[in-house]
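Asker: Got a sequence here, can you model it:
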Amino acid sequence: MVAESKMKQTEIGLIPEDWDVVKIDDLLKLLTDFEANGSFESVAQNVRIYDSENFAWYVRATDLEKNSSMNEVKFVDESSYKFLSKTKLYGNELLITKRGEIGKLYYFILKYPLATLAPNLYLLQLNGKVNGKYLYYHFKSEIGNKKLTGINASSTLGAIYKDDVKKLQIPLPPLPEQ
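Answerer: Sure thing, here's the model as predicted:
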């Protein structure tokens, strides 16, 4: 027999009594993007992108969307990778498109020993209070995706901003339940 769970009313709706409502900001170790590495000019001077295998994978939204094979992606050399130190990827991060077709979400799996973020994506490193897969599936759900795409800050091209992502509220079950 399944125990009946008690529910509570919250600002985001009815949720189980043992769940919390939290802001994404409370779940983050880091929220950053390509631009955190420097000005357009400094990036242009310090980042070299290659069509063939090199030091580190240059992770672009287009390759994630297409699920491109590693022989179709872009790479950067060692000095570029070091310059892009603020957006190194280690695996198990969430990546969100921030311009154009906003709100696309990816659970990043490291397929190459070293990787760094390309433009037009936010990198969310989580702090351990949430299972990354839970957050991914929440934002892939109809309700979660509406919240994410609903923070569009532009009426033309489409754009979302870090502070808007941080303010998003989600229902959070206990970690074992996630």
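Asker: what's near enough to touch E78?
Answerer: 55-56 (C-beta atoms under 8 Å, 6 or more residues apart in numbering). Any C-beta I mention is one placed from the backbone N, CA and C, and that applies to glycine too.
Asker: Distance of it relative to A61?
Answerer: Between E78 and A61 the computed distance is 24 Å (C-beta to C-beta, to the nearest Å).
Asker: again with E41
Answerer: 23 Å.
Asker: Neighbour count for the two, which is higher?
Answerer: Neighbour comparison, E41 and A61: the larger count goes to A61, with 21 against 8 (by other C-beta atoms under 10 Å).
Asker: Quick check on the more buried one: phi, psi?
Answerer: With angles defined as degrees, to the nearest 10, A61 sits at phi -60, psi -40.
Asker: Surely it is in contact with G103?
Answerer: No - assessed by C-beta atoms under 8 Å, A61 is found out of contact with G103, at 11.3 Å.
Asker: Now for those two: what residues contact both?
Answerer: By C-beta under 8 Å, 6+ apart, the residues touching both A61 and G103 are T97.
Asker: so how far is the least confident helix or strand in the chain by mean pLDDT from its chain's centroid?
Answerer: Of all helical and strand segments in the chain, the minimum by mean pLDDT, DSSP states H and E falls on helix 142-149, at a mean of 92. Helix 142-149 sits 14 Å away from the centroid of its parent chain (C-alpha atoms, centre = their mean, to the nearest Å).
Asker: what's the answer for stretch 142-160, then?
Answerer: Computed by C-alpha atoms, centre = their mean, the chain-centroid distance of stretch 142-160 equals 14 Å.
Asker: Many thanks, I have nothing further to ask.
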